[in-house]
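J.: Build me a model:
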Amino acid sequence: MVKAFFTILEVATIAVPLFIAALFLLRTSSHYSEKFETSMFKFIGMSRRQYEVMFRLIGIICIAIASFATWQFYFSDNRQDVISENQDFWDSLEKDPNAGELLKERGEAIERNRKRNEKETAEELKMLTPVSSNTPLDISAAAALLAAAIAIPARMGSSRFPGKPLALLGKKAVIERVFESCKKSELAQKIVVLTDSPQIREFSEKIGADCIMTSEKCASGTERIVEAIDEIGAEFVVNVQGDEPFIPSKLIDEIISAHLDSRAELVTAAVKISDAQTLLNPNAVKVLRDSDGRAIYFSRTALPHIRGESDMQKWLERYDYWKHVGIYGYSTKAVAIYSKLGPCPLEKAEMLEQLRFVNAGMRFDIVETDYAAIGIDTPADLEQAEKYLRQIEG
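T.: Predicted coordinates for the structure are as follows:
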């Protein structure tokens, strides 16, 4: 009976890992792609490729386990000694009238060792984890993060257009139109308004938007995200400007997809420049890109400079220039890095907050778009937005 038990155990130790390995390694890529769409791993930020590789690695590990078990059971020099010792143990239990008590004592000893090991492990993790004395240790906190969220920074104190977020565009406030555009996103799991204004908070509650109050000291939307990142609770945050009422939800989803597909820490968007007027306009921020398409630099000046050519229209014939679209996607890692950086000379010179990342050696992945940003910085911009709204609604 004892011999039969060990034979079954040997076969199971080899057969079960081989079955799991076959299950994971013989599946096709299309099967993994189909399963990924409904998998929880998609919503914690794992890409399709990583999902497939993870399960194929598990299959390989199972083959290794089965191979080791085969060697251990059938080729190892110590095999017979191990089996003999185990058989002696079970034979002694069959003959011993106090076998039940012996098994109980062994079980209690194993349980005591398990609890002691768990306690020691928890104490080691507590020592290694940088948490304050008032913060409980939560190993699963990272796993609880949403995959992606949208943050809409907004303030009432604009020097060029005070009260801009609540100004009416058509029959709705500017920020309400921004919120409605964001709600059409298929990938964002949360939308939150970030502000220091009680008026904006009250209006956000009225239209059903979550709102987080941030400090009046925040000089930019990115700084508001840094301050509220823990409360937002997402691994990737898309910064949608509160004065972009026509931002397409498709572009928001493309920003999120770029992060999910490549695990890019920073993502933004750009539209190809087709006219010399935009190229010369310092309010139209240009993006200089590397051979992989990522952003090297942002500037109000046209870069690169075409030497010996005064006709700016011909510049466009010789080089592809890109205008930056002011939408950003940040991972929590990028936000943490930004929080430790102070304003840099490049940022101060160009008055562009994204240069703080560039100055620190980080790069933005670029989503190419046809969307020509229609932001509202002044009352005159609001009038133009009114005309555009009548066109698209008419």
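J.: can we go C-alpha only for contacts and neighbour counts from here?
T.: Noted.
J.: ok, residue 44 - contacts?
T.: By C-alpha atoms under 8 Å, 6 or more residues apart in numbering, the contact list for residue 44 reads 143, 145, 146, 147, 235.
J.: number of nearby residues for the last one?
T.: The tally of other residues near residue 235 (other C-alpha atoms under 10 Å) stands at 22.
J.: Verify the stated contact: residue 379 with residue 162.
T.: No: at 9.5 Å, residue 379 and residue 162 do not qualify as touching, with contact defined as C-alpha atoms under 8 Å.
J.: State the distance from residue 326 to residue 378.
T.: From residue 326 across to residue 378, the span is 17 Å (C-alpha to C-alpha, to the nearest Å).
J.: separation between the residue nearest to residue 62 when sequence neighbours are not counted and residue 59?
T.: Leaving aside its chain neighbours, residue 62 sits nearest to residue 17 (4.7 Å; criterion: C-alpha to C-alpha, 6 or more residues apart in numbering). Relative to residue 59, residue 17 is positioned 8 Å away (C-alpha to C-alpha).
J.: And residue 344, by the same measure?
T.: The gap separating residue 344 from residue 59 is 49 Å, by C-alpha to C-alpha.
J.: What residues of whatever helix or strand residue 36 lives in count as buried?
T.: In the assignment (DSSP states H and E), residue 36 maps to helix 29-37. Neighbour counts over helix 29-37 (16 or more other C-alpha atoms under 10 Å) mark 32, 36 as buried.
J.: Heading C-terminal from that helix, find the next helix or strand.
T.: Following helix 29-37 toward the C-terminus (DSSP H and E): helix 48-74.
J.: Point out the other helices and strands that that next one packs with.
T.: Judged by 3 or more C-alpha pairs under 8 Å, 6 or more residues apart in numbering; DSSP states H and E, the packing partners of helix 48-74 are helix 2-25, helix 29-37.
J.: can you rerun that using 10 Å?
T.: Contacts defined by 3 or more C-alpha pairs under 10 Å, 6 or more residues apart in numbering; DSSP states H and E place helix 48-74 against helix 2-25, helix 29-37, helix 79-95, helix 249-262.
J.: Give me the angle between the first one and helix 29-37.
T.: Looking back up the chat, that one is helix 2-25. Interaxial angle of helix 2-25 relative to helix 29-37 (axes from the mean of the first three to the mean of the last three C-alpha atoms, to 10 degrees): 90 degrees.
J.: tell me the mean pLDDT over helix 2-25?
T.: For helix 2-25, the mean pLDDT works out to 77.
J.: Taking helix 48-74 as reference, get the angle to it.
T.: Using the same axes, to 10 degrees, the direction of helix 2-25 lies 160 degrees away from that of helix 48-74.
J.: So which other helices or strands are in contact with helix 2-25?
T.: If you count contacts as 3+ C-alpha pairs under 10 Å, 6+ apart, helix 2-25 packs onto helix 48-74, helix 79-95.
J.: Report the buried residues of stretch 214-233.
T.: Neighbour-count burial for stretch 214-233 [16+ other C-alpha under 10 Å]: 214, 221, 222, 223, 224, 225, 226, 227, 228, 229, 232, 233.
J.: Name the nearest of those residues relative to residue 248.
T.: Closest approach between the buried residues of stretch 214-233 and residue 248, by C-alpha to C-alpha: residue 221, at 19.2 Å.
J.: looking at it, that closest one is touching residue 215, isn't it?
T.: No: here residue 221 does not reach residue 215: they are 11.3 Å apart, not a contact under C-alpha atoms under 10 Å.
J.: Run through the residues that contact the residue lying closest to residue 160 once chain neighbours are set aside.
T.: Using C-alpha to C-alpha, 6+ apart and skipping residues adjacent in sequence, the residue nearest residue 160 is residue 378, 5.7 Å away. Going by C-alpha atoms under 10 Å, 6 or more residues apart in numbering, residue 378 touches 158, 159, 160, 161, 162, 164.
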